[in-house]
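# the sequence isn't on hand, but the structure is:
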């Protein structure tokens, strides 16, 4: 059976309509008959009404002429030529890869798989996962033969939530296929929507490895400056001043200390470490970087406690305002946010915590609509939202009591304007 050739009549199904899947379905919907599928009925209902709670698509974009439909009905996936899976790849409590969301989506696709189909995976995984874990599932459930009846591809997502300057079409897309012919078709498909172009690799494993090291590299660079921030604090040196001085050299990399959360940089290195250990290699540097970054939330909280004690502010029953809950600035996603570690540590000292984030629409009891003026013994600026910058340090100090501590995690303000920062 020959592989499906790409044409204007090709039918595409995108499984998963989060930060990755929705922009992808929208882009393909301009050129091809496209279905966007998600198991979240509420999410699908909102999208049908032209509402994206993730704020990745605007109301105007929903009005564009598209051959795109949204559905949470599984039978809508019948009779498509190309299936694209954008399921999340989290880790469990022991930092081991959890491929179940991807496998669940794979099983779903397999039940509708036909000869000539291509299944493309965008989820970040360890090298080998697509062909060793997902392709066998497709065979088992569909009864079809891999690389004979159907083919697979891998094109890792590079979406940066909250970043309007680097959108889907303006970021080079890595592509690959389970055979050279499949790779060419996958590459041709993405070239049709990616203005920045594509990079076709020789194998799926190369594409998987390229993706996972992108975030591992960033994780390690941030871990280095986080460790430097801890050291310089002990030495009584301003970390930002040191970084600015070092940055005067042309080849010094501009990384800053901070919290590393979200579902990319904070998780992907564990996938690579898992695969390394499978083949008998212990990845010391990768895991050390993860340990440092995973500990930064607690470290920030301890810094805040010491700062409060230095000002003779009682910790027990104190009121602390945490500004920001999202895992990064100007983003509504709070999944795997390491701000939670700051909150948990401060609560262990019996502090009362209020959290304010104008981006996060969350039903958690942590969130309040607006901070109260002259009410807080400490304020922790945890996320660099534009709204916090616009408030200015004077506006933020209005929330604090006369005797209080202001700690700036992201160094939004000059270190002389706050009581402490990384």
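On my side now, so go ahead. Predicted model, so just to flag it, every value in this text is computed and none were measured.

# what about residue 78, neighbour count?
Close neighbours of residue 78, defined as other C-beta atoms under 10 Å, add up to 11. C-beta: built from backbone N, CA, C; applies to glycine.

# go on, residue 144?
Residue 144: 18 neighbours (other C-beta under 10 Å).

# just residue 2 next, same as before
Residue 2 has 7 nearby residues by other C-beta under 10 Å.

# so for it, what's the nearest residue that isn't a sequence neighbour?
residue 116 (6.6 Å; C-beta to C-beta, 6 or more residues apart in numbering).

# the one you found in helix, strand or coil?
What DSSP: H, G, I helix; E, B strand; the rest coil gives for residue 116 is coil.

# show me the strands in the stretch 51-200 of the chain, by range?
In the stretch 51-200 of the chain, the strands defined using DSSP state E, counting those that start in this stretch lie at 68-71, 82-85, 118-121, 151-154, 173-175, 198-200.

# residues touching residue 29, list them.
Counting by C-beta atoms under 8 Å, 6 or more residues apart in numbering, residue 29 touches 36, 66-68.

# I meant to write residue 413 there.
Applying C-beta under 8 Å, 6+ apart, the residues near residue 413 are 381, 393, 421.

# return the member of those nearest to residue 110.
residue 381 (47.4 Å; C-beta to C-beta).

# need the strands of the stretch 51-200 of the chain in CSV with distance to residue 166, can you?
As requested, the strands of the stretch 51-200 of the chain are exported to CSV (distance: least, C-beta to C-beta, whole Å):
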stretch, distance to residue 166
strand 68-71, 23
strand 82-85, 20
strand 118-121, 21
strand 151-154, 21
strand 173-175, 12
strand 198-200, 16
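
# ok so, going back, how much space separates the residue nearest to residue 2 from residue 204?
As judged by C-beta to C-beta, to the nearest Å, residue 116 and residue 204 stand 19 Å apart.

# between these two, who's got more neighbours?
Taking other C-beta under 10 Å, residue 116 and residue 204 do not tie; residue 204 has more neighbours (27 against 15).

# look up how far residue 354 lies from the more buried one.
47 Å.

# check residue 202 too.
For residue 202 relative to residue 354 (C-beta to C-beta), the value is 53 Å.

# helices along the chain, start to end?
Taking DSSP state H as the test, the helices found in the chain are 21-29, 41-48, 59-62, 100-110, 129, 135-142, 180-191, 204-235, 239-246, 268-278, 284-294, 296-310, 339-348, 386-397.

# and those, which one is worst for confidence?
Comparing mean pLDDT across the helices of the chain, the weakest is helix 59-62, with a mean of 87.

# so what's the gap between that helix and the chain middle?
Centroid displacement of helix 59-62 relative to its chain, using C-alpha atoms, centre = their mean, to the nearest Å, is 23 Å.

# mind listing residues that contact it?
26, 50-52.

# among those residues, which pair sits farthest apart?
Taking C-beta to C-beta, no two of the contacts of helix 59-62 sit farther apart than 26 and 51, at 13.5 Å.

# give the buried residues for stretch 304-314.
304-305, 307-308, 313 (16 or more other C-beta atoms under 10 Å).

# repeat for stretch 67-82
With the criterion 16+ other C-beta under 10 Å, stretch 67-82 contains buried residues 68-72, 76-77, 80-82.

# just stretch 47-66 next, same as before
47, 52, 54-57, 62, 66.

# endpoints of that stretch, how far apart?
13 Å (C-alpha to C-alpha, to the nearest Å).

# what's the local residue count around residue 300?
Neighbour count for residue 300, taken as other C-beta under 10 Å: 27.

# residue contacts, it?
If you count contacts by C-beta under 8 Å, 6+ apart, then residue 300 has 259, 342, 380, 382, 407, 409, 422 around it.

# quick one: the third one and residue 322 touch, right?
This points to residue 380. Yes: between residue 380 and residue 322 there is a contact under C-beta atoms under 8 Å: 5.1 Å.

# need the overlap of contacts for the two.
In contact with both residue 380 and residue 322: residue 342, using C-beta under 8 Å, 6+ apart.

# counting neighbours, what do you get for residue 414?
Residue 414 has 11 neighbouring residues, counting by other C-beta under 10 Å.

# sorry, wrong one. I was asking about residue 136.
Residues near residue 136, counting by other C-beta under 10 Å, number 12.

# pull the longest strand from the chain.
Longest strand of the chain, by residue count under DSSP state E: strand 400-408.

# that one - what's its average pLDDT?
Within the predicted structure, the mean pLDDT of strand 400-408 is 96.

# which elements pack onto that strand?
Contact partners of strand 400-408 among helices and strands, from 3 or more C-beta pairs under 8 Å, 6 or more residues apart in numbering; DSSP states H and E: helix 296-310, strand 376-381, helix 386-397, strand 420-421.
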